[in-house]
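Trainee: Build me a model from this:
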Amino acid sequence: MSKLVRFGVSLEKELLKHFDVDIREKKYPNRSEAIRDLIRESLVKEEWVKGGEVAGAITLVYNHHRRELVNKLTDIQHDYHQLIISVQHIHLDEDNCLEIVVVKGKVNAVRKLADRLRATKGVKHTALTMSTTGKGVK
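Mentor: Sure thing, here's the model as predicted:
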C-alpha cells in the first residue's frame, strides 16, 4: 500500500479560483484528485517525449469507394502488425467508414504508422491519441 504525503502549494488567488472552477466542471471530488491527474498527465507526456512505450488509438475516416484505398490501408497496417492490437471498422454511412486502430509500441513507431495512414490519398481525417501502458504511472 502506498503512503500518502501531504504538502502545501502556494498559488495566486486568481489561479486557484480558476482551478477550482475547472475541477468543479470536471466533477473532481477534491483538489487532491485533480492534482494527481495533472501529475499523471505530465508523467505520461514525459513518456512520449522520451520515446517510451505507449498505448493508443489511430482513428481514420475515409470513403471506402475510393479505388484501392482499403487495400492500401490494409497493406500499411500489415507493415506495422507488431504495433497493432486490434482494428475496429465502422460503417458511418453508405460511403464513409471510421476505422479505429488500437496500438501499443514505441512512440516513434506509433507516430510513423499514424503518419503513413494519414498521408494515404483518400483518407479524409486521421487522429492519433496516445496514452500510457500504465507501467510507469501510479
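
Trainee: all helices in this protein, in order from the N-terminus.
Mentor: For the chain, the helices defined by DSSP state H occupy 13-25, 31-49, 69-79, 107-118.

Trainee: and among those, the most buried is which?
Mentor: helix 107-118 (a mean of 18; mean count of other CB atoms under 10 Å). C-betas here are computed from N, CA, C, even on glycine.

Trainee: Next, the angle from that helix to helix 31-49.
Mentor: 80 degrees (axes from the mean of the first three to the mean of the last three CA atoms, to 10 degrees).

Trainee: what residues does helix 107-118 touch?
Mentor: Residues outside helix 107-118 that contact it (CB atoms under 8 Å, 6 or more residues apart in numbering): 47-48, 51-54, 56, 58, 60, 73, 76-77, 79-80, 83-84, 101, 103, 123, 126, 128, 130.

Trainee: Among the helices of the chain, show the one with the smallest mean pLDDT.
Mentor: Per-stretch mean pLDDT for these is lowest at helix 31-49 (a mean of 85).

Trainee: How far off centre is that one?
Mentor: Distance of helix 31-49 from the chain centroid (CA atoms, centre = their mean, to the nearest Å) equals 14 Å.

Trainee: packing partners for it?
Mentor: On a contact count with 3 or more CB pairs under 8 Å, 6 or more residues apart in numbering; DSSP states H and E, helix 31-49 meets helix 13-25, strand 53-63, strand 123-132.

Trainee: T126: how many residues sit nearby?
Mentor: 19 (other CB atoms under 10 Å).

Trainee: Verify the stated contact: K72 with T120.
Mentor: Yes - K72 is in contact with T120 according to CB atoms under 8 Å; the separation is 5.5 Å.

Trainee: what sits in contact with each of these two?
Mentor: With CB under 8 Å, 6+ apart, K72 and T120 have no common neighbours.
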